[in-house]
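Colleague: Predicted model, plus sequence, below.
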Amino acid sequence: DTAVSQTPKYLVTQMGNDKSIKCEQNLGHDTMYWYKQDSKKFLKIMFSYNNKELIINETVPNRFSPKSPDKAHLNLHINSLELGDSAVYFCASSHSQGRIAKNIQYFGAGTRLSVL
Amino acid sequence: AQSVTQPDIHITVSEGASLELRCNYSYGATPYLFWYVQSPGQGLQLLLKYFSGDTLVQGIKGFEAEFKRSQSSFNLRKPSVHWSDAAEYFCAVAHGGSNYKLTFGKGTLLTVNP
């Protein structure tokens, strides 16, 4: 009965490949996020979507492209993978309304990406 | 822009001892503050949050945190640590309005000795 689920949990791939990470939430939220956690455990937001529209796009290479087919899904596609893309990627979701609710984010278990 | 500082990269305590993890924030308005915990190989779990009102907030697993505006701090405390509390702890601040992003500190790794 996972609230925010990501697949795959682990992803090992070669430099130059293209890969996707999927995220789904069953909490009825309408805002979803992607965060990157680097090797030093530092977490930084990459993207945020509200009702399938991009609302946050931090300084992320164009090789990263989020796609939201509906409110419950936010996938992350990465082209031409580089060594520096190795990290743990977390998906999160929240409501978009309500002073408190919209600021509480629920996280998935993460996808550990290793680029060789 | 808001920022969060967790001065301690790694803390070791003995089981049963008390714990305090420090967090300082930089933010122009009244911040929304959070503590998350990340157990090894797991995602982030929300421990507690502060939005307004009582400056001492209670969370899950016996944790509490106190918001001190004068010190720009939101320190996490637990009176008696259990071995299962060993994890990485992240303090975060949210910017409200139309921008929902969380800004995280760099985390504090907690080791619990038997």
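Modeller: Cool, got the structure. Source: prediction; values computed, not measured. Residues are numbered from 1 along each chain as shown, chains lettered A, B, ... in the order given.

Colleague: Name the residues of stretch B:6-21 that come out as buried.
Modeller: B:6, B:11, B:13, B:19, B:21 (16 or more other C-beta atoms under 10 Å in any protein chain shown). To be clear about C-beta, it is placed using only N, CA and C from the backbone, and glycine gets the same treatment.

Colleague: per-residue pLDDT, the third one?
Modeller: Per-residue pLDDT puts residue B:13 at 97.

Colleague: what are the bridge partners for it, then?
Modeller: In this entry, residue B:13 is beta-bridged to residue B:112, by DSSP bridges.

Colleague: Just list the residues touching residue A:5, thanks.
Modeller: Counting by C-beta atoms under 8 Å, 6 or more residues apart in numbering or on different chains, residue A:5 touches A:23-25, A:108-109.

Colleague: I'd say residue A:105 and residue A:35 touch.
Modeller: No - between residue A:105 and residue A:35 no contact is recorded; they are 9.1 Å apart, counting by C-beta atoms under 8 Å.

Colleague: So what would you say the end-to-end distance of stretch A:14-32 is?
Modeller: 28 Å (C-alpha to C-alpha, to the nearest Å).

Colleague: sorry, back to before: out of residue A:105 and residue A:35, which sits in the busier spot?
Modeller: residue A:105 (28 against 25; other C-beta atoms under 10 Å in any protein chain shown).

Colleague: and the host helix or strand of residue A:22, how far from the chain's centre?
Modeller: Assessed by DSSP states H and E, residue A:22 sits inside strand A:19-25. Relative to its chain's centre, strand A:19-25 lies at 7 Å (C-alpha atoms, centre = their mean, to the nearest Å).

Colleague: Tell me which other helices or strands that strand touches.
Modeller: Contacts defined by 3 or more C-beta pairs under 8 Å, 6 or more residues apart in numbering or on different chains; DSSP states H and E place strand A:19-25 against strand A:4-7, strand A:10-13, strand A:31-37, strand A:73-78, strand A:87-94, strand A:111-115.

Colleague: buried ones in the second one?
Modeller: This points to strand A:10-13. Neighbour-count burial for strand A:10-13, counted by 16+ other C-beta under 10 Å, picks out A:11, A:13.
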